[in-house]
Every structure is written in structure tokens, then in C-alpha cells.
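Asker: Fold the following and give me the result.
(chains A and B)
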Amino acid sequence: GENVEQHPSTLSVQEGDSAVIKCTYSDSASNYFPWYKQELGKRPQLIIDIRSNVGEKKDQRIAVTLNKTAKHFSLHITETQPEDSAVYFCAASRMTGTALIFGKGTTLSVSS
Amino acid sequence: SAVISQKPSRDICQRGTSLTIQCQVDSQVTMMFWYRQQPGQSLTLIATANQGSEATYESGFVIDKFPISRPNLTFSTLTVSNMSPEDSSIYLCSVRDRVNEKLFFGSGTQLSVL
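Answerer: As a prediction, this is how the structure comes out:
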């Protein structure tokens, strides 16, 4: 089955800096890669996703890149703000209705 | 996106007892899943709730401990049976949108077992 590795486990940046979180996956048949943000005491919220027919996707300060050959994908947050502080999870699945398999999460702390 | 109602939101239970968690979705969805999130940990898939048939369990999870029902396309329950303190966790219902395949979570059930 699918296995998703996520790095780093913790990341501390200054406000305004960029943050990058990286994930690798094992199942070459996976073709859907979402990212979730979870604030303390709340449910995970989908923030961006990418499908395997696209190499990069951007939504304002957030971007995701995918390298299918190397089986890794990354989340990029630019101009970080204190409200970006949260736990971020990457995930992978096949798009044919299967469950998502999650990475272990990255705790991002943005200090002002 | 689908609106997912999950209850109870939290409960404190005695060891040896069972708790049933309910998940109601406002639209018919094909795929429903149950996840567990232990304190400070990631999301671990327990099982896929199949409509009209037995749930499909992941390695490490068994039907006797986590029986799941899904009588129709909008409702599912997860029971945590014969609870021990190790079952203290957040349990999350999730659904996958049939159009865009995005996965959304319910608000979760915070379970504490004494």
C-alpha cells in the first residue's frame, strides 16, 4: 500500500519568510496529492491539491509542486504570517475513490 | 463541499464500555472513511465504510473492536468497543466528494477513556 513520508516534522520561520514542506510517496499509481492545515482543536482543512497531470499549482501565497518521476511533492508558503502557524499534512491517493494516506505532519511556527 | 455532522463532539467513558459515533452527510456520497488521530499524531485510516456491505478495515484494525455500519449513502456509525485508555483519541468521519474527489472531514469526536 501507499506510504507517505513528510519532512521536516517542525519548521520555525520569521514572519515574511518562505516555508517549504516536502513529501515523498511510494505508490506510483497515486495521482492525487492534497495538503491540509490543522489548527489546534480543529478539523483538518484542505488548502490546496494537485493532480498528477499538473506539475505546479498556485493559490495566492500557497503553491504545490509535483515531481512524478521522483515521487515527491512540496508545499511552498511565501510571505508567511503568524496565522499560518499550524500543523500541515500532506496526503496521497489514487483518484478512483480510495482513501487518503497521510504524512506524519509538519508543525509550522511563524514568529513576528 | 458536503456538510458533515458528527456526534458526539466529545465524551468521557469508562474502560470496558462502548461508544458509537454518528456521521451524517447532507448529500449522497460514494466514499466515507473513518480516521483516528491520536494526540499529537497524524491521521490514521481505520476503515472504509461501504454502503450495504461490510466495511474494509486497514491493517491493525478489526471489526470486533471497531464495528462500522453504513445503512445508506448519507449516514455511517463507528463503534469503539470494549474501550481502554489506549483508545483515547480523536475519531474523524470523512467523505470524498463524488465530483471533484476532494476529501472533507467532520468536526471529530474527542474520546477520553478512564
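Asker: Now do the same contact list for residue B:2.
Answerer: By CB atoms under 8 Å, 6 or more residues apart in numbering or on different chains, the contact list for residue B:2 reads B:25, B:26, B:27, B:29, B:95, B:97, B:104. The C-beta positions use only the backbone N, C-alpha and C, and glycine is treated the same way.
Asker: What separation do you get for it and chain A?
Answerer: 12 Å (CB to the nearest CB, to the nearest Å).
Asker: one step back: tell me the least confident of the contacts of residue B:2?
Answerer: Within the contacts of residue B:2, residue B:29 has the lowest pLDDT, namely 79.
Asker: residues from chain A in reach of chain B?
Answerer: With CB under 8 Å from any CB of the partner chain as the criterion, chain A meets chain B at residues A:32, A:34, A:43-44, A:46, A:49, A:89, A:91, A:95, A:97-105.
Asker: Show me which of those residues are buried.
Answerer: Buried subset of the residues of chain A next to chain B (neighbour count, 16 or more other CB atoms under 10 Å in any protein chain shown): A:32, A:34, A:43-44, A:49, A:89, A:91, A:98-105.
Asker: can you tell me which two in the contacts of residue B:2 are farthest apart?
Answerer: Greatest spatial distance among these (CB to CB): B:26 and B:97, at 12.0 Å.
Asker: More neighbours: those two, which one.
Answerer: The neighbour comparison of residue B:26 against residue B:97 (other CB atoms under 10 Å in any protein chain shown) goes to residue B:97, with 15 against 12.
Asker: residue ranges of the strands in chain A, please?
Answerer: Shown for chain A, the strands assigned by DSSP state E span residues A:4-7, A:10-14, A:19-25, A:32-38, A:45-51, A:56-59, A:62-67, A:72-77, A:86-92, A:101-102, A:106-111.
Asker: got the residues of chain B near chain A?
Answerer: Residues of chain B lying near chain A (CB under 8 Å from any CB): B:30-31, B:33, B:41-45, B:48, B:92, B:96, B:101-108.
Asker: Check the gap between residue A:93 and residue B:100 for me.
Answerer: According to CB to CB, to the nearest Å, residue A:93 stands 13 Å off from residue B:100.
Asker: for residue B:113, same thing?
Answerer: Residue B:113 sits 37 Å away from residue B:100, going by CB to CB.
Asker: Tell me where chain A is predicted with low confidence.
Answerer: Applying pLDDT under 70 to chain A picks out residues A:95.
Asker: again, only this time at 80
Answerer: Counting by pLDDT under 80, chain A contains low-confidence ranges at A:95-97.
Asker: Residue B:57 is nearest to which of the strands of chain A?
Answerer: Shortest distance between residue B:57 and the strands of chain A, using CB to CB, is found for strand A:101-102: 14.8 Å.
Asker: which helices and strands sit right next to that closest one?
Answerer: In terms of contacts (3 or more CB pairs under 8 Å, 6 or more residues apart in numbering or on different chains; DSSP states H and E), strand A:101-102 is packed against strand A:86-92.
Asker: Contacts for the strand it packs on next, please.
Answerer: A:2, A:4, A:6, A:21, A:23, A:25, A:27, A:30, A:32-40, A:44, A:47, A:73, A:75, A:100-103, A:105-108, B:42-43, B:103.
Asker: Filter those down to the buried ones, PyMOL style.
Answerer: Buried subset of these, written as a PyMOL selection, criterion 16+ other CB under 10 Å:
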select buried, (chain A and resi 2+4+6+21+23+25+30+32+33+34+35+36+37+38+44+47+73+75+100+101+102+103+105+106+108) or (chain B and resi 42+43+103)
